[in-house]
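K.L.:
Quick one, structure for this:
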Amino acid sequence: MDNLRSGMRHVRRSHIGVFQMKVSLILCSKNGGERLETCLNHIVELDAPDDMQVILVDNGSTDGFSYSLMTKFAELCRWDCQVLQTFIPGNAAGRNVGLERADGDICLFIDDDCYVDKRFVYEWIKVFRSSGVGFGSGRILRYTEHQSDLGCVEYQYQKLLGSNYVPRGFIQGSNMAFRRECLTAAGPFDRRFGSGTAFAGEEWDLALRAGFRGWKGGYFPGPVVAHDHRRGKGETRRRLLFYDYGGGAVYAKHIFGERGALVTSRFIREFLVIGKNPLRVASFLRGFFAFFFISAPKS
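P.N.:
Numbers count the residues shown, from 1 in each chain. Sure thing, here's the model as predicted:
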C-alpha cells in the first residue's frame, strides 16, 4: 500500500482533450492479493486522459485485503474512481456490474494479474481513432520468461478480422476493449461464462455476438499488458482443458442460434484440429453437452 500511496503523489498531467474519447477502465477481482496491488500500482503510473473513469469491481473477496485495497486506491486516485461489489459468482457478472456504471465511449478490460504499460490507454484510443473496429484485443506478454504462454498473445503485427465470425482465442479478456455502441448492440456478458463459473469464454461469447451484429474486431499490438498468471506446466494443462470445456459450451450456446450453420462448420473444424488429443476432445465435448443443463441466469 505504501507503493500505491507514493505513486499517487506523482501526478502526471495528461493531454486533455487531444483525442476527445472518454475511456472507462474496468477491473474485476476476487481475492487478488499482492498481484492486485501490483496491478493497481501500474494503473497509478498510466499516462491517461484526466477524464478517464476507473471502475473496480470486487467479486466477493474473502481475503480481508482486496476490497480494502480497492477502496484505498479510490480515495487516492486522480481519476474518477468507483468501487463496486457483487456476490454473483463469475467474472462476467462483475464486468456487467462495472458496465452499468461505465460512461466512456470506450470500455477497457484487464484482469487483476495483468500489469498495464504506461501508454496502454492512449494506445487503445489510437486504435479506435484510426480504425472502424468495434472491439479488439491487445498484446499480452508473459510476466516472466519462465511462465507459460497459454493465455498470452505476444506477436507484434496487427490482425483484422475479415468476417463476422470471431475465432476462439482471438479475443482475450486480459486485455480487450469495446466501443460503447458495440456493447449496446451485443448486449451484456453472459453470466454463465467466465472465471468463477463452470465455463470459460465470456469474452469470446460477447465478441461472437458483436461480430454477428456486424461489428468488426482486431488484434492490436500497441496496447500492452504483462500477464502474471504464474502457471507451471501442470496447471497449464489443466487450464487448457478448462478453456476447451468452456469453448464447447460457447459453441453449444450459438449452434442453434441465428448463425447456426456457420457455428456448426467452425465447431466441426475445431473438433478435427484438437482430435489428436483425446483429453482435449473429451473436455470439449463435455462442455458442449454440459451447457444444456445450465439454466440461463435471471436478470
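K.L.:
who's the residue lying closest to H42 once chain neighbours are set aside bridged to?
P.N.:
Spatial nearest neighbour of H42, excluding adjacent residues (C-beta to C-beta, 6 or more residues apart in numbering): Y115 at 4.3 Å. In this view, the C-beta of every residue, glycine as well, is placed from N, C-alpha and C. Following DSSP bridges, Y115 is listed with bridge partners A226.
K.L.:
roughly how far apart are Y115 and I140?
P.N.:
Noted for Y115: a distance of 11 Å to I140, by C-beta to C-beta, to the nearest Å.
K.L.:
of those two, who's got more company?
P.N.:
Legend: neighbour count by other C-beta atoms under 10 Å for Y115 and I140, higher for I140 (25 against 22).
K.L.:
for that one, what are its contacts?
P.N.:
I140 sits next to 114, 151-154, 172, 174-175, 224-227 when contact means C-beta atoms under 8 Å, 6 or more residues apart in numbering.
K.L.:
which of those has the most neighbours?
P.N.:
For the contacts of I140, neighbours were counted by other C-beta under 10 Å; the highest total belongs to N175, with 30 neighbours.
K.L.:
Next, the contact list for that one, please.
P.N.:
Residues in contact with N175 (C-beta under 8 Å, 6+ apart) are 109-110, 114, 137-140, 223-225.
K.L.:
again, only this time at 10 Å
P.N.:
With contact taken as C-beta atoms under 10 Å, 6 or more residues apart in numbering, N175 is in contact with 108-111, 114, 116-117, 120, 124, 136-141, 152-153, 219-220, 223-227.
K.L.:
what do you get for T184?
P.N.:
Contact partners of T184, counting by C-beta under 10 Å, 6+ apart, are 178, 213.
K.L.:
Can you tell me the element it falls in?
P.N.:
According to DSSP states H and E, T184 maps onto helix 180-186.
K.L.:
which non-adjacent residue is nearest C182?
P.N.:
Take C182 and drop its neighbours on the chain: the residue closest to it by C-beta to C-beta, 6+ apart is G134, 3.4 Å away.
K.L.:
can I assume the residue nearest to H42 is in contact with T144?
P.N.:
No. Counting by C-beta atoms under 10 Å, T144 is not a contact partner of Y115; they are 11.7 Å apart.
K.L.:
Can you show me the strands along the protein?
P.N.:
23-29, 53-58, 80-85, 106-111, 114-116, 135-142, 159-160, 175-179, 217-227 (DSSP state E).
K.L.:
Direction included, what does the shortest one pair against?
P.N.:
Strand 159-160 has the following strand partners under DSSP bridges: strand 217-227 (antiparallel).
K.L.:
just to revisit the earlier point, Serialize the strands of the chain to JSON lines and add fields for distance to V44.
P.N.:
JSON lines is the format used below for the strands of the chain (distance: least, C-beta to C-beta, whole Å):
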{"stretch": "strand 23-29", "distance to V44": "12"}
{"stretch": "strand 53-58", "distance to V44": "10"}
{"stretch": "strand 80-85", "distance to V44": "11"}
{"stretch": "strand 106-111", "distance to V44": "14"}
{"stretch": "strand 114-116", "distance to V44": "10"}
{"stretch": "strand 135-142", "distance to V44": "20"}
{"stretch": "strand 159-160", "distance to V44": "31"}
{"stretch": "strand 175-179", "distance to V44": "18"}
{"stretch": "strand 217-227", "distance to V44": "15"}
